[in-house]
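Enquirer: build me a model:
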Amino acid sequence: MHLPVGEENTILASRKGSRLSAGIVASVAATSGLLFGFDTAVINGALVFLRAQFALTDLLTEIAASSLVIGCLAGASIAGVASDRIGRRKSLIAAALLFAASALTSAAAQKFSQFCVSRLAGGLAIGIASTLTPVYISEIVPHNRRGQLVSLNQLAVVIGILLAFFTNWQLSALGSVSWRWMFAVAAVPSVGFLAGLLFIPESPRWLIARGFRSQGHGVLRSILGETEAATELAAIGPVLMFASVLLYVAFFAVGLGPGVWVYIAEIFPTRVRGRATSLATSALWTACLAVTLTFLSIVHALGASAAFLLYAAVSLLTFYFIWIWVPETRGKSLEDIQRMWEQLK
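Expert: Numbering: from 1, shown residues only. As a prediction, this is how the structure comes out:
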């Protein structure tokens, strides 16, 4: 099918704009990789001056070099929880602030302990950023450019390492205070990273997962264009819903699923157990049949969200009934349960 020239140009321009937007967003996020590489490598040129400044032994020199790595481990361990709670973008903003603070306080340190704490903060930033930057980029860019743009972060790491060696070489001419400038230089890209993060959006996948569907759709539309955004949104919904169903199945599998059958088999007095169990089982299957027969009709009439809210309300009523009226049978023999019923007469 051939489109009119004007419409074809509009579509091409839209796609070009989307590619540009995705590239810009990924480049801002990948600045963390540059800081990662720089902060990791800058210590190499500064150690000679640090040893003289703080009269470091070999052990203290190793501590100075490893304080960053300890922070990296801590940062990586909290990154997932933090990003799930407050978002990818806000977590990266926190990392940018830590990068800047680490650069300036490392440069200004008057005591060895102050220097180690500052480098520990830089390690926290690296741990957070190195974990979340690939996640953020992969969640926001078009799927056909994901590999290219996620690998941009790794390229930035290498550039950061080269930049650290170059600036160390240039600044070493300043003498005994040169180590301070070596660390202070990192504040410049840190501030640039922070400024860039203020102008890029949150991950659309995170927004949708947290219930901000319209905002997530808006981000997708700004990056992908209307048509591809609608396709992506439709693909994300079922995955999140299928996640919810799996959570439901997990709870059902350890609760109502097996529990109801055990309970039916043991709760009734011996003299009526056969008939009562038959009646209870028939009621159970009747309820299953009712749900199966009415599910699509309810969804069409009320919508999927309202349908599941209805089921949630029924679940709450069930919880109330079980909590108030259903007696506990754990640890009781069938004879104990029989006596319990006799006492209720």
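
Enquirer: rest of the way, CA atoms for contacts and neighbours
Expert: Noted.

Enquirer: backbone dihedrals for residue 185, please?
Expert: Dihedral angles of residue 185 (phi, psi; degrees, to the nearest 10) stand at phi -60, psi -30.

Enquirer: where along the chain do the helices fall?
Expert: According to DSSP state H, the chain carries its helices in the segments 5-54, 58-86, 88-108, 112-140, 146-171, 178-184, 187-197, 204-209, 213-224, 226-254, 256-267, 273-302, 304-325, 334-344.

Enquirer: dump these to TSV, plus mean pLDDT and mean neighbour count.
Expert: Output for those, formatted as TSV (pLDDT from 0 to 100; neighbours: other CA atoms under 10 Å):
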stretch	mean pLDDT	mean neighbour count
helix 5-54	74	19
helix 58-86	88	17
helix 88-108	95	23
helix 112-140	91	25
helix 146-171	87	18
helix 178-184	95	22
helix 187-197	95	18
helix 204-209	86	21
helix 213-224	83	20
helix 226-254	70	13
helix 256-267	77	14
helix 273-302	82	13
helix 304-325	88	12
helix 334-344	77	13
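
Enquirer: what separates stretch 85-95 from the chain centre, distance-wise?
Expert: Taking CA atoms, centre = their mean, to the nearest Å, one finds stretch 85-95 lying 9 Å from the centre of the chain it belongs to.

Enquirer: same question for stretch 209-222.
Expert: Worked out by CA atoms, centre = their mean, stretch 209-222 lies 16 Å from the chain centre.

Enquirer: equivalent analysis for stretch 209-223, please.
Expert: Between the mean C-alpha location of stretch 209-223 and the chain-wide mean there is a distance of 16 Å, by CA atoms, centre = their mean.

Enquirer: could you do stretch 105-121 as well?
Expert: That offset, for stretch 105-121, works out to 30 Å (CA atoms, centre = their mean).

Enquirer: and the end-to-end length of that stretch?
Expert: By CA to CA, to the nearest Å, the extent of stretch 105-121 from end to end equals 10 Å.

Enquirer: which residues sit against it?
Expert: 54, 63-64, 67-72, 98-99, 101-103, 179-184 (CA atoms under 8 Å, 6 or more residues apart in numbering).

Enquirer: swap the cut-off to 6 Å and go again
Expert: Here stretch 105-121 makes contact (CA atoms under 6 Å, 6 or more residues apart in numbering) with 64, 67-68, 71, 102, 180, 183-184.

Enquirer: not counting sequence-adjacent ones, nearest residue to residue 154?
Expert: Excluding its sequence neighbours, the residue lying closest to residue 154 (CA to CA, 6 or more residues apart in numbering) is residue 33, at 6.5 Å.

Enquirer: ok, that neighbour - contacts?
Expert: 153, 156-157.

Enquirer: can you rerun that using 7 Å?
Expert: 130, 153-154, 156-157 (CA atoms under 7 Å, 6 or more residues apart in numbering).

Enquirer: what's the answer for residue 165, then?
Expert: Residue 165 touches residue 42, counting by CA under 7 Å, 6+ apart.

Enquirer: next one: residue 140
Expert: Applying CA under 7 Å, 6+ apart, the residues near residue 140 are 203-204.

Enquirer: cool, and residue 127?
Expert: With CA under 7 Å, 6+ apart, residue 127 has these contacts: 72-76.

Enquirer: if we go to 8 Å?
Expert: Residues in contact with residue 127 (CA under 8 Å, 6+ apart) are 71-77, 79.

Enquirer: distance to residue 148 added to those residues, as CSV?
Expert: Below are the contacts of residue 127 laid out as CSV (distance: CA to CA, whole Å):
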residue, distance to residue 148
71, 29
72, 25
73, 27
74, 29
75, 26
76, 23
77, 26
79, 24
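
Enquirer: just the contacts of residue 33 now: which is nearest residue 329?
Expert: residue 130 (51.6 Å; CA to CA).

Enquirer: distance check, the residue lying closest to the closest one once chain neighbours are set aside against residue 259.
Expert: The shortest distance from residue 130 to any non-neighbouring residue, by CA to CA, 6+ apart, is to residue 33 (6.9 Å). Counting by CA to CA, the gap from residue 33 to residue 259 is 51 Å.
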